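**Student:** Predicted model and sequence follow; I will ask about them next.
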Amino acid sequence: MNAIETMDLTKKFGSLTAVDSVNINVEQGEIFGLLGPNGAGKSTIISMLCTILKPTSGSALVNGYDIVQFPSQVRKSIGIVFQDPSVDDRLTGKENLEMHADLYGVPTSEKKSQIDKVLELVELSDRSNDLVRTYSSGMRRRLEIARSLVHTPKVLFLDEPTIGLDPQSRDHIWSYIRELMKNEELTIILTTHYMEEADKLCKQVAIVDHGQIVALDSPDSLKEKLGGETISVKTNDNPLYLEKIKEAGIAKSVVIAGEEVKITVDSAHTILPNIVNIAASNHIFIDSVSLQEPQLDDVFLHYTGRELREGGGKELSGMGAIRRRQIK
Amino acid sequence: MSELRGVYTLWQREIKRFLRERTRLASSFFQPLLWLIIFGAGLGLSIRSSTGLNYQEYIFPGIIGQTLLFTSMFMGISLIWDRQFGFLKEILVAPISRVSIFVGKMLGVSTDSMIQGMIVLMLGFLIGVKITLPIVIKVIPLMLLVTLGMACIGLTLASFMDSLESYGTIMTFVNMPMFFLSGALFPVNNLPSWLQWVVYVNPLTYGVDALRTVIVDGAYVSSFPLYMDLTIIIAFDVLMILVGTYSFSLRK
């Protein structure tokens, strides 16, 4: 059975099409990544699947329930970790979890054991009786993950679970997610704009850009499709260099990313001399050259023509989220 | 059943948060004290009462009414607070109806106000008002009825607002006229008739009148019979619960 199935899922805000006829199927027990820059439509897709937003057209099944017709069945089947913090910091960690158990109707006989179990998973048992306002942002995130699991959901949505966290906290959260993946009944949908995160955790990745799915496959085969290696060259005239490389027809793809021209080739070692020669014969000066194995970043660049971090302006919402987390 | 459990847990949350806010509890203790002791004593000396009560006794039920109103209105802010700090999202995606969320919140705010109201009631001994057990037993349900409608006013306004600052401003605009024109501080029968109209449509007028009837029973000739006060208060509660639930469910 598919845990998630969307049928031309579309959401429009006025004239803006935030999500444009998205079709994805996620098998039960899978961990599925929605990857894209901020503002690509990932959170809108999640909001619709969580029944927070109604789709403009199209529909979706979550755990077999239609999101428009049976929202409350959907809600009972899912757990959500929002992008922005959503714990009550005037309550203790445990009180937050207890309240969640009550709101989701967790049987009273299982309530305590269930709460102890999730607290243990995120290693917060010893701090569970402290007010959340004394927690670090990493701990708050862990508490939110614990909370989303209290009612044993079938599908777990993690919307940018590691945004604004330090590398150590990020590692922690990744290890909890891996722990959760051992449970074969649980399906996880993860949105992220960190390539590394999707690469490390997800079995399937959908690349979202401008509300559309531009690529969908496993991280490995996405990289494989892209093929070859990437040569990054920094020159004094990138646009001209790009043109000349294109003319020469030796590369599979050429794009400008930041201050560098990224050239994807089958075999970098044999083509590298050519690449240098093209620059020399056109009086372009090369500042630096580097070689990379394909990364998921390159996949994204390949499909969207933009570097992921160019998400730009919307990054602020992430910063806002971080700042908000620090308000005590 | 699960809806009831949701209401219960939301109610419990409001009270926990309220009781943990020590500074607010302390200030809520002192503010009515200032009104009673300073305002009551000061003004009481310079006017002669036409009500058969000394002035402090007269305003005492009014100050309780004020406490119920101010606390209810102030706690309405918690809805905006929850929205700004993201917690509202957690409640809104839970498998529980909007009505239950609103009712939980409303009961929580009302209980907070009643706790404050009871604190002020206990201050009665300072000005010589005897608080007996029968009075307490009658006052508790009365306070609940008075505060439910007020809590709904606050929550309804908060449903439409996103910023704490603008809520604060609006709150003053509601609080002050409702308090001054409720008969809390002076009898309203001598007011010019256009102002009397405002007094009659002010739901707090009936709340204060009922509180006065119950608390200083016998010594005071009430403006309206108790059954009339209660009927109007209950009608207002029902109306405001409907308006509040509707406004809350309008918001995404």
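**Tutor:** Here it is on my side, so go on.

**Student:** which intervals of the stretch 101-250 of chain B have sub-threshold pLDDT?
**Tutor:** B:217-220 (pLDDT under 70).

**Student:** Assign a three-state SS to the residue of the stretch 151-300 of chain A found nearest chain B, would you?
**Tutor:** Minimum separation of the stretch 151-300 of chain A from chain B (C-beta to the nearest C-beta) falls at A:His151, amounting to 9.0 Å. Using the backbone N, CA and C atoms, a C-beta is placed for each residue, glycine as well. Using DSSP: H, G, I helix; E, B strand; the rest coil, the structure places A:His151 in coil.

**Student:** need the contact list for it.
**Tutor:** A:Lys76, A:Gly79, A:His100, A:Ala101, A:Tyr104, A:Gly105, A:Val106, A:Gln114 (C-beta atoms under 8 Å, 6 or more residues apart in numbering or on different chains).

**Student:** and with 7 Å instead?
**Tutor:** A:Gly79, A:Ala101, A:Tyr104, A:Val106 (C-beta atoms under 7 Å, 6 or more residues apart in numbering or on different chains).

**Student:** If you rank those residues by neighbours, which is first?
**Tutor:** Among the contacts of A:His151, A:Gly79 has the most neighbours (other C-beta atoms under 10 Å in any protein chain shown), with 25 neighbours.

**Student:** helix/strand/coil for that residue?
**Tutor:** strand.

**Student:** for A:Ile271, phi and psi?
**Tutor:** Dihedral pair for A:Ile271: phi -90, psi -20, per degrees, to the nearest 10.

**Student:** Now it: closest residue in space that isn't a chain neighbour?
**Tutor:** A:Val265 (4.7 Å; C-beta to C-beta, 6 or more residues apart in numbering or on different chains).

**Student:** Residues in a beta bridge with that neighbour, which ones?
**Tutor:** Judged by DSSP bridges, the bridge partners of A:Val265 are A:Glu229.

**Student:** Model confidence for it, exactly?
**Tutor:** Among the per-residue scores, A:Val265 holds a pLDDT of 81.

**Student:** try the one 3 residues further on
**Tutor:** At A:Ala268 the predicted local confidence, pLDDT, stands at 76.

**Student:** show me what contacts the nearest residue to it once chain neighbours are set aside?
**Tutor:** Nearest residue to A:Ala268 in three dimensions, chain neighbours excluded: A:Glu229, at 4.3 Å (C-beta to C-beta, 6+ apart). By C-beta under 7 Å, 6+ apart, the residues touching A:Glu229 are A:Val265, A:Ala268, A:Leu291, A:Gln292, A:Glu293, A:Pro294.

**Student:** I'd like those residues written out as JSON lines, with neighbour count added.
**Tutor:** Shown next, in JSON lines, are the contacts of A:Glu229 (neighbours: other C-beta atoms under 10 Å in any protein chain shown):
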{"residue": "A:Val265", "neighbour count": "23"}
{"residue": "A:Ala268", "neighbour count": "18"}
{"residue": "A:Leu291", "neighbour count": "12"}
{"residue": "A:Gln292", "neighbour count": "14"}
{"residue": "A:Glu293", "neighbour count": "10"}
{"residue": "A:Pro294", "neighbour count": "19"}
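
**Student:** Need the max-distance pair from those.
**Tutor:** A:Val265 and A:Glu293 (12.5 Å; C-beta to C-beta).

**Student:** Count the residues that sit near B:Leu34.
**Tutor:** Neighbours around B:Leu34, by other C-beta under 10 Å: 11.

**Student:** For it, give me its contacts.
**Tutor:** Residues near B:Leu34 by C-beta under 7 Å, 6+ apart: none.

**Student:** show me where the stretch 151-252 of chain B has strands.
**Tutor:** Counting by DSSP state E, counting those that start in this stretch, the stretch 151-252 of chain B has no strands at all.

**Student:** Please report how far the residue of the stretch 151-300 of chain A closest to chain B lies from A:Met48.
**Tutor:** Separation of A:His151 from A:Met48 (C-beta to C-beta, to the nearest Å): 21 Å.

**Student:** so what's B:Phe160 closest to, chain neighbours aside?
**Tutor:** Nearest one to B:Phe160, counting by C-beta to C-beta, 6+ apart, is B:Ser247 at 6.7 Å.

**Student:** Now for the residue nearest to A:Ser125 when sequence neighbours are not counted, how many residues are close by?
**Tutor:** Counting by C-beta to C-beta, 6+ apart, A:Ser125 lies nearest to A:Leu119, which is 4.6 Å off, once chain neighbours are set aside. Counted with other C-beta under 10 Å, the neighbours of A:Leu119 add up to 21.

**Student:** A:Ser136 too?
**Tutor:** Neighbours of A:Ser136 (other C-beta under 10 Å): 13.

**Student:** Now do the strands in the stretch 51-200 of chain A.
**Tutor:** Using DSSP E, counting those that start in this stretch, strands in the stretch 51-200 of chain A cover A:57-62, A:65-66, A:78-81, A:155-159, A:187-192.

**Student:** now these as TSV including distance to A:Leu91 and mean pLDDT?
**Tutor:** TSV is the format used below for those (distance: least, C-beta to C-beta, whole Å; pLDDT from 0 to 100):
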stretch	distance to A:Leu91	mean pLDDT
strand A:57-62	29	92
strand A:65-66	31	94
strand A:78-81	18	94
strand A:155-159	22	93
strand A:187-192	27	91
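
**Student:** In JSON lines: the ones you listed, plus distance to B:Val174.
**Tutor:** What follows is those, written out as JSON lines (distance: least, C-beta to C-beta, whole Å):
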{"stretch": "strand A:57-62", "distance to B:Val174": "42"}
{"stretch": "strand A:65-66", "distance to B:Val174": "43"}
{"stretch": "strand A:78-81", "distance to B:Val174": "36"}
{"stretch": "strand A:155-159", "distance to B:Val174": "38"}
{"stretch": "strand A:187-192", "distance to B:Val174": "42"}
